[in-house]
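Asks: pasting the sequence and the predicted coordinates here, then a few questions.
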Amino acid sequence: MPLNKLRNIGIAAHIDAGKTTVTERILFFTGTNRKMGEVHDGQATMDFMKQEQERGITIASAAITCAWKGHQINLIDTPGHVDFTVEVERSLRVIDGMVAVFCAVGGVEPQSETVWNQADRYRVPRFAFINKMDRTGADFQAVVIQMNKYLDANAVPFQIPMGSEENFEGIIDIIERKAYIFHEMEQLEAEIPSGYKQKTEDARAWAVEKLAEFNDEIMSLFMEDKEVPAGLMKQALRAATLKLLITPVFCGAAYKNKGVQMLLDAVVDYLPSPVDVGAVTGTDLIDPEKTHTCYPSPKDPFSALAFKLIHDPFVGQQTFTRIFSGTLKSGMQVYNSTKGKHERVGRLFRIHAKDREEISEAGPGDIVALIGMKVTKTGDTLCEDSHRLMLENIHIPPSVIELKINPVKRADQSKLGDALHKLAMEDPSFNVRFDDETEETVIAGMGELHLEIIVDRLKHEFKVDAEVGEPSVAFRETITIEVESNYKHSKQTGGKGQFAQTLMRIEPNEGKGYEFIEKIKGGNIPTEYIPSVNKGILKTLDRGILAGYPIVDVKVVLLDGSFHPVDSSDMAFQTCASICFKQGFNKAEPVLLEPMMKVEVNTPDEYIGDVVGNLNRRRGKIEAMRRYRKGSQKVNAFVPLMEMFGYATQLRNISSGRANYSMEFYKYTPLPKTLQDEVIKKVEEKKRLEK
């Protein structure tokens, strides 16, 4: 397959906009599936996990390959629920183009904005498909207006619907000036009804005017009031879409099989091939200032990014990988530049949702599953040993909610540990830690649903029954002022003693995580012991000092110290650095940080006062209120996570079940002093009882 005939695309949207249904129709019309699976009866090809079928939502992004008009399409269906946002993040990192699905009734929903911003981060060309045109309340024009207002999308319709709601009959292609109606599985060309002729001309004139901004030839024809040929419009639209200057808008009703073939035509016509995307740039491992350019050519050195791990009961761990350049063959040795280790690729598979097809080699643009990888995880760069480079990693948001988890049977403890390790390997937004003091396992994730799914998977996939505690907030600790700390560690216990001294400056480092800088002069601390100082501090960061929560956003500058030629050791410097850091931390006015959530509530007008009042009582800050559609409003607020437990039930009660909300992590902010004292008191009380 020539590279310019390949399309790597993702389908992304807010929950319930119809992404998986769109994907199922694509698979049917491309001949990949003989029958159509439906989300509501748990038969969707792409939702093959038991948890997805029970809930009717997508949890894990699934990949599949299909063909349309001589083109190969690698398709990734992504989740819409905000708890699984990392699935979208890693899919967007490896796709070339995106179909953003919007519900014709719901319009631009909170998660649509999140996905849009993620796609902007990776500069992914996209077009919009307004789905569910047959639903009551469908309003094509309103969604286009919302896209421009809230997403700054420069959205321009290149199709117009004939009718809407139960009167949705067909679609008019304004470039070709052709109308299409849909009869069962067929797309039939028809005359443009007289009532739509003027609408078509107006919409075409508007599209020509928008394209004229980016194409001189169209501009001169437009200025002279001359007809713009369809071929030239398509060519200009493709160029503008690839440069992210315009978002073409198409429409349909996937569930009723309307507009899917036209959607596939748009994928082929307007979304990029690996050739259009061009070269990717990687950083040189030895000199970070130097870059390597990898062209999408089988003759270039091999480079690829691992973006997802799945544990398969039949073949073991599958590592989903996007190849950017060169050729990968089964049995080949590659270099994992993230881990600094060599890996041997066992077998190669092309993935069709839960089925797979073994292949002997893969080239640029391919998305394949590798079997037999030992150390490779999500976000790792794979390359040739002779051409070592590092590709841009994948942004992983922090986990904000924790649960204590224990096996029902004591004998299952090691089985639980293995299962949680496998799940953490698969999902980088899920973390596991063992609390030595309480001897409990703590799991952390993106939200209550995220952890609920993990516990469900433990039971059904790994056959481990587990008991979980109440969800709790994953606080963090940090400092607010700069201090210097000096500590001498000296122990004599007969025989060889322990000696180390460190002087360090500890500074706040907001939003930048942990940084360690050494400024030792004259060999006061030998070079081999400087990593020991860093190691001692790192161990302290995990356990926290104020209340046992991880420490974040601190910079440590090692200024001076001393050593003893006999008694100094790696362990002595680790211990010294840990105590020195703890003492400095306590002097630097430490504070607890709490996760602040971005909350969006959609509510009918009559409940707006109660909704806002309730958010205020939860320490929420109202950021904006806007008209959502006739009779209802959207409220945007920032609310601490610890105040949001039980919110779903309360919102239902306030609004008689008519309001809904979505919530995602925004950032960590300092906890008010009175609440901080309460949290620390509870932690100390718990420790006292456990003793």
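Replies: Arrived safely. Numbering: from 1, shown residues only.
Asks: so how far is L305 from D96?
Replies: 13 Å (CB to CB, to the nearest Å). (Each C-beta comes from the backbone N, C-alpha and C, glycine too.)
Asks: what does T30 give?
Replies: Counting by CB to CB, the gap from T30 to L305 is 26 Å.
Asks: same check on V275?
Replies: Taking CB to CB, one finds V275 at 18 Å from L305.
Asks: now swap in V249 and tell me
Replies: 31 Å.
Asks: got it, and K539?
Replies: Using CB to CB, one gets 31 Å for the distance from K539 to L305.
Asks: neighbour-wise, which of these two wins?
Replies: L305 (25 against 14; other CB atoms under 10 Å).
Asks: touching, the more buried one and T381? I think so.
Replies: Yes. The criterion here is CB atoms under 8 Å, and L305 meets it with T381 at 6.0 Å.
Asks: list residues touching both of those two?
Replies: When contacts are counted by CB atoms under 8 Å, 6 or more residues apart in numbering, L305 and T381 are jointly contacted by L391.
Asks: mind listing what's buried in stretch 457-465?
Replies: Neighbour-count burial for stretch 457-465, with 16 or more other CB atoms under 10 Å as criterion, is recorded at R457, L458, E461, F462, V464.
Asks: please apply the same query to stretch 627-646.
Replies: Under the neighbour-count criterion of 16+ other CB under 10 Å, stretch 627-646 has 628, 632-635, 637-644 buried.
Asks: out of the residues you listed, which sit inside helices?
Replies: Counting by DSSP state H, no part of the buried residues of stretch 627-646 is found in helices.
Asks: what is the longest strand of this protein by residue count?
Replies: strand 591-604 (DSSP state E).
Asks: C-terminal to it, what's the next element?
Replies: helix 608-617 (DSSP states H and E).
Asks: let me know the angle separating that following helix from strand 591-604.
Replies: Angle between the axes of helix 608-617 and strand 591-604 is 170 degrees (criterion: axes from the mean of the first three to the mean of the last three CA atoms, to 10 degrees).
Asks: for helix 608-617, what does the pLDDT average out to?
Replies: What helix 608-617 shows for mean pLDDT is 94.
Asks: what's the answer for stretch 116-129, then?
Replies: Mean per-residue pLDDT for stretch 116-129: 89.
Asks: first-to-last residue distance for it?
Replies: End-to-end distance of stretch 116-129 (CA to CA, to the nearest Å): 13 Å.
Asks: what residues does that stretch touch?
Replies: Counting by CB under 8 Å, 6+ apart, 10, 12, 22, 85, 88-89, 92-93, 95-102, 147, 151, 153, 155, 241-244, 247-252, 259, 263, 266, 270-272, 395 sit against stretch 116-129.
Asks: now these: which count as buried?
Replies: By neighbour count, with 16+ other CB under 10 Å, the contacts of stretch 116-129 hold 10, 12, 22, 85, 88-89, 92-93, 95-102, 147, 151, 153, 155, 241-242, 247-252, 259, 263, 266, 270-272 as buried.
Asks: just put the buried residues of stretch 457-465 in a markdown table and tack on distance to E186.
Replies: A markdown table is the format used below for the buried residues of stretch 457-465 (distance: CB to CB, whole Å):
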| residue | distance to E186 |
| --- | --- |
| R457 | 41 |
| L458 | 47 |
| E461 | 41 |
| F462 | 46 |
| V464 | 50 |
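Asks: for the residues you listed, give me JSON lines that also has distance to R618, pLDDT and secondary structure.
Replies: Below are these laid out as JSON lines (distance: CB to CB, whole Å; pLDDT from 0 to 100; DSSP: H, G, I helix; E, B strand; the rest coil):
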{"residue": "R457", "distance to R618": "31", "pLDDT": "82", "secondary structure": "helix"}
{"residue": "L458", "distance to R618": "31", "pLDDT": "86", "secondary structure": "helix"}
{"residue": "E461", "distance to R618": "36", "pLDDT": "80", "secondary structure": "coil"}
{"residue": "F462", "distance to R618": "36", "pLDDT": "82", "secondary structure": "coil"}
{"residue": "V464", "distance to R618": "35", "pLDDT": "87", "secondary structure": "coil"}
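Asks: which among the residues you listed gets closest to L420?
Replies: Among these, L458 lies closest to L420 (CB to CB), at 7.6 Å.
Asks: who touches the nearest residue in space to that closest one that is not next to it in sequence in this structure?
Replies: The shortest distance from L458 to any non-neighbouring residue, by CB to CB, 6 or more residues apart in numbering, is to V464 (4.8 Å). Residues near V464 by CB under 8 Å, 6+ apart: P407, D412, K415, L416, A419, L458.
Asks: got phi/psi on V464?
Replies: The phi/psi pair for V464 (degrees, to the nearest 10) reads phi -120, psi 120.
Asks: how near is it to V408?
Replies: According to CB to CB, V464 and V408 sit 8 Å apart.
Asks: who's in contact with E467?
Replies: Shown in contact with E467 (CB under 8 Å, 6+ apart): I405, N406, P407, V408.
Asks: actually L423, not the one I typed
Replies: By CB under 8 Å, 6+ apart, L423 lies in contact with F430, V432, I454, R457, L458.
Asks: can you give me the neighbour number for the second one?
Replies: Looking back up the chat, that one is V432. Neighbour tally, V432, other CB under 10 Å: 17.
Asks: which residues touch F462?
Replies: Contacts for F462 (CB under 8 Å, 6+ apart) come out as K415, D418, A419, K422.
Asks: quick check: the third one touching K459?
Replies: No. The pair A419 and K459 does not pass the contact test of CB under 8 Å, sitting 9.8 Å apart.
Asks: how close does R344 sit to A100?
Replies: To A100, R344 is 39 Å away according to CB to CB.
Asks: end to end, how far does stretch 485-499 reach?
Replies: Criterion CA to CA; first-to-last residue distance in stretch 485-499 is 17 Å.
Asks: give me the helices and strands touching the one helix or strand Q146 maps to, please.
Replies: Per DSSP H and E: Q146 is located in helix 140-150. In this structure, helix 140-150 makes packing contacts with strand 126-131, strand 155-157, strand 247-251, judged by 3 or more CB pairs under 8 Å, 6 or more residues apart in numbering; DSSP states H and E.
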